Each structure stands twice: as C-alpha cells, then as structure tokens.
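Novice: Below is the sequence, then the predicted model.
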Number of protein chains: 2
Amino acid sequence: MTRATLLFAHGARDPRWAEPFEAVAGRVRAAAPERPVRLAFLELMSPDLGAAVAALVADGATRVDVVPLFLGTGGHLRRDLPRLIEAARAAHPGVELRLHPAIGEQAEVIEAMARAALSFGE
Amino acid sequence: MTRATLLFAHGARDPRWAEPFEAVAGRVRAAAPERPVRLAFLELMSPDLGAAVAALVADGATRVDVVPLFLGTGGHLRRDLPRLIEAARAAHPGVELRLHPAIGEQAEVIEAMARAALSFGE
C-alpha cells in the first residue's frame, strides 16, 4: 500500500490565499518525503479534488488521506466534500479514500491558534 | 490601557461551524483571564464586528487586537474586514483597534496543521 495525503482547501480569487496551504504541504513533504502530497481546492483554484486524486493515483497511491484544511465543519465539508469523495471513489475503485475531520477542529491546531492570538495581544 | 482580543471568523449556517472558534476563545480566556475576549463573525452568525467591539468597549477595553481566524488572506481580509474596522474606529474614536494578519499564516499554526495532517496518514 502506498499512502498519499490530499490537502483540501476552499480556494479564493486571490493567489495569496493559497500560501499557507502550500506551506503546510511543504512541511508534510519535508516530514514524510516518501509520501505523495497534493493540494486540491473546492473552487476558484486548481486542481480540483478529482484531478488531485487522479494525480496521486498516477504517483502510485493506493490509499489517500483527504485532510480538509478548513477551520470548522460547515456545508462545504458536510455536503460538498463527501460528494467529491464519492465521485473520486467511483473513478478509482481500487484506491482507498479516507475522509478526515476539519484540521481546525484538531486540539493542537486550536492550541496553536490560541497561542498566536495571545501573542498578538502582547 | 485595557487590552482586549476580538477573534473574527467567517460564520456559516451550521452552528457547529463556530465550535473551534469558541474553543480558541476559551483557551485565550483561560490563559489571560484578565483580558476581555469576544468572537465576531463576518456573516451568518452573530455578533458582527461592530457589536463585538461595542461590547469590548463596554467591558472597559481601550485597545482591541483584532485577530482574523481565517486560514489565509483573501478578499474578506483584504477588503471586508478593513472596512468593518474603519467603521468601528469611527464609532469608538478613543479606542485603539489593531488589525493582525490571518491566524493561518502564523508559523506555529502552519506547523500544527502539518503535524495534524501527518497524524491522519498514520
């Protein structure tokens, strides 16, 4: 099994929007150089989820961990992303696609946001 | 001078969306119990920025650090938030309002997101 990580973000018209997501992808690649890592976007930026999954499969991935780079869970993660995942599963039936919760709900990310917010008040 | 922290998030229809933001506010309050801390939302949730600033001023704040709980900088932070800040400054001329960069651009938050993304792949 070859595991891959797909970092799924919202997208925006402003190219600077993607900078933190590219930084996260770079840190993941540095920490796990053997693991294929790609970004995908819900809208306004490319690639979309289907194209990124296809690229990871072309990289040799047989399991893809889909990590939503969203701060919380709203309609995009509750409705849009599951539909995109189902379409990708149908397109790649031999590949395991695992959908994980919003990164902003993880305790270490909440802690880091709180520390950063406190540092802004000094 | 009484410093206060205003955590500014996007808002969504789904009430669960606000949970990580409430968690961040809780951690900031726990770490700095003397500091007034309030959430505000751009849309779909309340209070809005103007109401939250007014509440912090009523709490005694003379300086408000506005911390955008956004992952990156797009149109909302480049255009919408500065306009809201200007209106709040006009409404409270004796209060210093400091606008900080997106929390998702802070190195410790990027690191925490990368660690969480890696842990999902284990």
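Specialist: Received the coordinates, thanks.
Novice: so how far is the lowest-mean-pLDDT helix or strand in chain A from its chain's centroid?
Specialist: Across the helices and strands of chain A, mean confidence by mean pLDDT, DSSP states H and E is lowest for helix A:75: a mean of 91. Its chain's C-alpha centre and that of helix A:75 lie 16 Å apart, by C-alpha atoms, centre = their mean, to the nearest Å.
Novice: Please apply the same query to stretch A:99-115.
Specialist: Taking the mean of its C-alpha atoms, stretch A:99-115 sits 13 Å from the chain's own mean (C-alpha atoms, centre = their mean).
Novice: how about that stretch: buried residues?
Specialist: Within stretch A:99-115, the residues that count as buried by 16 or more other C-beta atoms under 10 Å in any protein chain shown are A:99-100, A:102-106, A:108-115. Where you see a C-beta, it was placed from the backbone N, CA and C, and this is true even at glycine.
Novice: Could you check how far the residue nearest to A:Phe41 when sequence neighbours are not counted is from B:Leu42?
Specialist: Computed as C-beta to C-beta, 6 or more residues apart in numbering or on different chains, the closest residue to A:Phe41 that is not its neighbour in sequence is A:Gly11, at 3.5 Å. Taking C-beta to C-beta, to the nearest Å as the measure, A:Gly11 falls 17 Å from B:Leu42.
Novice: Give me the subset of the buried residues of stretch A:99-115 that also touch chain B.
Specialist: Within the set of these, contact with chain B (C-beta under 8 Å from any C-beta of the partner chain) is found for A:100, A:102-106, A:108-115.
Novice: And the strands in chain A?
Specialist: Ranges of strands in chain A, per DSSP state E, are A:3-9, A:37-41, A:63-68, A:96-99.
Novice: could you dump the ones you listed to CSV with mean pLDDT?
Specialist: Formatted as CSV, the strands of chain A follow (pLDDT from 0 to 100):
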stretch, mean pLDDT
strand A:3-9, 97
strand A:37-41, 98
strand A:63-68, 98
strand A:96-99, 97
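Novice: and of these, who's closest to B:Arg29?
Specialist: For B:Arg29, the closest of the strands of chain A is strand A:63-68, at 26.9 Å, according to C-beta to C-beta.
Novice: Quick one: residues in contact with stretch A:14-27.
Specialist: Applying C-beta atoms under 8 Å, 6 or more residues apart in numbering or on different chains, the external contacts of stretch A:14-27 come out as A:7, A:9, A:11-12, A:37-39, A:41, A:45, A:69, B:71-75, B:78, B:102, B:104-105, B:109-111, B:113-114, B:117.
Novice: at 7 Å what do you get?
Specialist: Under the contact criterion C-beta atoms under 7 Å, 6 or more residues apart in numbering or on different chains, stretch A:14-27 has outside partners A:7, A:9, A:37, A:39, A:45, A:69, B:71-75, B:78, B:104-105, B:110-111, B:113-114, B:117.
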